[in-house]
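Trainee: Build me a model:
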Amino acid sequence: MKFDVKELIQVGTKVMKKHSPEILTGVGIVGMATTVVLTINGTVKALDLLEEEKRERTSKYFNEEDIDKEWKNTPLTKREVFAICWKPYIPAVITFLGATGCLIGSNSVNLKRTAAFTTAYKVMETSYKEYKDKVEELIPAKKKKEIKDSIAEDHVSKYQPNATQVIITDKGNTLCQESVSGQYFRSDANILKAAQNAINEKLLAHDYVSLNELYVELGIEPTTVGNAIGWEINKVRNEVGSNLIQIDWSAQMAKDNQPCLYIQYNIEPTYGFDQYGY
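Mentor: As a prediction, this is how the structure comes out:
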């Protein structure tokens with residue numbers, strides 16, 4: 001089998017470019033570990049050099065009658081110690097600088113990629129909003145509700161949670177499913193309204209609120225995504241014409257014919273909601 005060296009180089013370059021943060025991080029970590037080993041070795045060599053210097057000085061002046069005998073017990077100055085010991089540490093310093101450069105480079109690549117992803121996300125979000133606004137403009141309110149109910153029905157009817165998947169909140173007995181996390185829990189309409197009021201109070205007080213804060217009010221588990229997305233008051237106002245988040249629920253039937261409330265929102269939580277918090 002004949003290998004195309006040029007093609008292999010191109011493939012290798014693409015792989016390295018794609019995985020450069022991981023490669024740089026790995027090299028940086030190995031470099032830091034190597035720095036520790038080289039520092040230990042350098043210290044051993046430096047101590048040997050100091051001992052050798054002391055022996056040479058003692059041997060040189062031991063038989064000279066005019067030498068001050070106390071000189072032999074005088075410690076080396078810091079400058080003398082540095083002049084004797086600095087060379088064994090050169091490999092450790094070079095390795096440390098290289099490892100640090102790799103870690104900084106990895107972070108820089110990640111920051112650039114994050115910025116690119118953020119820009120792409122905002123473009124997609126803007127396009128989606130334009131599409132959504134146009135759909136809402138053309139479709140009557142009754143039809144929009146039918147669409148949301150149909151989506152809720154699809155989610156609820158396709159999945160049947162077992163007993164261990166349903167969170168018992170001590171805040172009602174009606175089965176509910178939250179649309180973003182997919183969590184099942186027990187609650188009721190009054191609790192949902194109370195959670196809505198509590199989350200809107202926080203939004204008005206702080207200008208932004210995370211989805212996890214709503215989860216706490218509902219008595220369900222916070223999630224990693226729930227910490228990353230939420231609502232910002234100006235965006236809420238621009239999209240729905242008020243400063244309030246509204247919890248919408250659609251009554252559906254689960255697979256076992258058990259009533260289930262599917263929880264949605266009048267405005268979806270998004271990334272970048274807490275920009276004023278940084």
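Trainee: which regions of this protein sit below the pLDDT cut-off?
Mentor: Applying pLDDT under 70 to the chain flags residues 1-19, 58-74, 117-118, 120-129, 131-132, 275-278.
Trainee: Can you give the domain ranges for it?
Mentor: Segmentation of the chain into domains, based on automatic domain parsing, reads 5-113, 141-277.
Trainee: got those as JSON lines, with mean neighbour count and distance to residue 134 columns?
Mentor: No exception for glycine: its C-beta is placed from N, CA and C like everyone else's. Shown next, in JSON lines, are the domains of the chain (neighbours: other C-beta atoms under 10 Å; distance: least, C-beta to C-beta, whole Å):
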{"stretch": "domain 5-113", "mean neighbour count": "13", "distance to residue 134": "32"}
{"stretch": "domain 141-277", "mean neighbour count": "16", "distance to residue 134": "13"}
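Trainee: Helices of the chain, start to end?
Mentor: 5-18, 20-61, 78-85, 90-138, 141-158, 189-206, 211-218, 224-228, 233-240 (DSSP state H).
Trainee: Could I get those helices in CSV, plus columns for distance to residue 183?
Mentor: Converted to CSV, the helices of the chain look like this (distance: least, C-beta to C-beta, whole Å):
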stretch, distance to residue 183
helix 5-18, 35
helix 20-61, 32
helix 78-85, 61
helix 90-138, 24
helix 141-158, 12
helix 189-206, 14
helix 211-218, 8
helix 224-228, 10
helix 233-240, 23
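Trainee: Quick one: closest of the ones you listed to residue 251.
Mentor: Closest to residue 251 of the helices of the chain, according to C-beta to C-beta: helix 141-158, at 8.6 Å.
Trainee: tell me the angle of that closest one relative to helix 90-138?
Mentor: 130 degrees (axes from the mean of the first three to the mean of the last three C-alpha atoms, to 10 degrees).
Trainee: sorry, back to before: got CSV for the domains of the chain, with distance to residue 119 too?
Mentor: Putting these into CSV (distance: least, C-beta to C-beta, whole Å) gives the following:
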stretch, distance to residue 119
domain 5-113, 11
domain 141-277, 12
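Trainee: one step back: can you tell me which of the helices of the chain is nearest to residue 272?
Mentor: It is, among those and with distance given as C-beta to C-beta, helix 90-138, at 7.5 Å.
Trainee: returning to that earlier point: which stretch among the domains of the chain comes nearest residue 130?
Mentor: Proximity to residue 130 (C-beta to C-beta) singles out domain 141-277 among these, at 12.0 Å.
Trainee: Quote the end-to-end distance of stretch 149-166.
Mentor: Stretch 149-166 has an end-to-end distance of 22 Å (C-alpha to C-alpha, to the nearest Å).
Trainee: ok, and what's touching that stretch?
Mentor: For stretch 149-166, contacts defined as C-beta atoms under 8 Å, 6 or more residues apart in numbering pick out 175, 177, 179, 182, 184-186, 250, 252-256, 260, 262, 264.
Trainee: Which single one of the residues you listed is nearest to residue 133?
Mentor: residue 264 (17.7 Å).
Trainee: just checking, the closest one touches residue 249?
Mentor: Yes. Residue 264 lies in contact with residue 249 (C-beta atoms under 8 Å); the separation is 7.2 Å.
Trainee: Might you report the residue contacts of residue 168?
Mentor: Counting by C-beta under 8 Å, 6+ apart, residue 168 touches 185, 186.
Trainee: Residue 209 too?
Mentor: 199, 202, 203, 230, 231, 245, 273.
Trainee: can you tell me how far it sits from residue 173?
Mentor: Plainly put, residue 209 is 27 Å away from residue 173 if you go by C-beta to C-beta, to the nearest Å.
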